[in-house]
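Trainee: sequence first, then the predicted structure, then my questions.
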Amino acid sequence: MAVSMAFCGSNFGMYSNLKAIEKQPNLRAAPLLCSFGLDPVHLSCIVSKKSLSSSTSIFIPKASSATAVEDGSSNETDVIPTPSVTIDQDSDPDATIVEITFGDRLGALLDTMNALKNLGLNVVKANVYLDSSGKHNKFVITRASTGRKIDDPELLEAIRLTIINNMLEYHPESSAQLAMGAAFGMIPPPENVDVDIATHIHVYDDGPEQSLLVVETADRPGLLVDLVKIITEINIAVKSGEFDTEGLLAKAKFHVNYKNKAIIKPLQQVLANSLRYFLRRPSTEEGSF
């Protein structure tokens, strides 16, 4: 699943507004009144079965109606494909591109489009194309309030989790293929990813005005928001990037700079060490004292 974004100076003011959802037994969805810097909209949010984030639980809006997601193309095979979602802001200067792939099992995804509209987004255009990896459903989306691409990390994360939630809802066989299946799916992945082994962080020179930060780690709810928070807390600006989640892993590429200049080697090391410490530390660390 990939999220490519332009943060417009990494305005992170909405980060503190995320509210954790308390665990509630025998409850799958509950109506909430949520706001992502837009007019408040009524959403239906899934309650996390298991907290995978060290910082927050993220709302997962669902579509308001159970319109058909499949168009009769759910071919059951022995091999379940790896789910993939891309949210790309580099390709279009004025809109965010959302691309969803799950082999040849996806239909028109009308429910997903409705769920995105519930987040205060416009689906400007939709199309489908085929390649060797399967059927790709591509949506061009903008914020309804501005007609522009999404530049807020929290809203990007809400989009990502909304799409994953609908995939788990209408393709329950994807649950064991996704890290989110442990929190929101019917069947968790058979094995947990070893975060120490899965986490890789590199910083590369990318011209005089920016550097390229590449992060690969185990996926979990809230990861996109947490990564941007850690980066901006050490005064590094996130200009644009790509967030790609495929199955159990998340892979991020961020174009970053320090005071509009490429990051020097000592600061690159500080950035890498900060992210590595945050991603690898046990989630029970704070609660164990």
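Mentor: Thanks, I have it. Numbers count the residues shown, from 1 in each chain.

Trainee: rest of the way, CA atoms for contacts and neighbours
Mentor: Will do.

Trainee: quick check: buried residues in stretch 83-98?
Mentor: Residues of stretch 83-98 classed as buried: 83-90, 95-98 (neighbour count, 16 or more other C-alpha atoms under 10 Å).

Trainee: and what of stretch 119-136?
Mentor: 119-123, 135-136.

Trainee: farthest-separated two in the residues you listed?
Mentor: Gly120 and Lys135 (26.5 Å; C-alpha to C-alpha).

Trainee: please spell out the segments of the stretch 151-289 of the chain that come in under the pLDDT threshold.
Mentor: Applying pLDDT under 70 to the stretch 151-289 of the chain picks out residues 281-289.

Trainee: again, 90 this time
Mentor: 151, 169-170, 179-188, 190-197, 239-247, 253, 280-289 (pLDDT under 90).

Trainee: how about the strands in it?
Mentor: 200-205, 211-218, 237-246, 249-257 (DSSP state E, counting those that start in this stretch).

Trainee: the second one pairs with which strands?
Mentor: Taking DSSP bridges as the criterion, strand 211-218 sits next to strand 200-205 (antiparallel), strand 249-257 (antiparallel) in its sheet.

Trainee: which of those strands is buried the deepest?
Mentor: Ranked by mean neighbour count under mean count of other C-alpha atoms under 10 Å, the strands paired with strand 211-218 are led by strand 249-257, which reaches a mean of 22.

Trainee: okay, the angle between that strand and strand 237-246?
Mentor: Counting by axes from the mean of the first three to the mean of the last three C-alpha atoms, to 10 degrees, strand 249-257 lies at 160 degrees to strand 237-246.

Trainee: kindly format the C-alpha coordinates of strand 249-257 as PDB.
Mentor: Extracted C-alpha coordinates of strand 249-257, given in PDB (Å, rounded to 0.1, in the frame of the first residue of the first chain):
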ATOM      1  CA  LEU A 249       5.300  -4.200   5.500                       C
ATOM      2  CA  ALA A 250       5.300  -0.500   5.000                       C
ATOM      3  CA  LYS A 251       7.800   1.300   2.800                       C
ATOM      4  CA  ALA A 252       8.200   5.100   2.800                       C
ATOM      5  CA  LYS A 253      10.200   7.500   0.700                       C
ATOM      6  CA  PHE A 254      10.300  11.100   1.900                       C
ATOM      7  CA  HIS A 255      11.900  14.000   0.300                       C
ATOM      8  CA  VAL A 256      13.300  16.000   3.200                       C
ATOM      9  CA  ASN A 257      15.400  19.000   3.900                       C
END
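
Trainee: who touches that strand?
Mentor: In this structure, residues lying in contact with strand 249-257 by C-alpha atoms under 8 Å, 6 or more residues apart in numbering are 1-3, 179, 198, 209-219, 236-245, 262-263.

Trainee: need the buried ones from those residues selected in PyMOL.
Mentor: Only the buried entries of these go into this PyMOL selection, using 16+ other C-alpha under 10 Å:
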select buried, resi 1+2+3+179+210+211+212+213+214+215+216+217+218+219+236+237+238+239+240+241+242+243+244+245+262+263
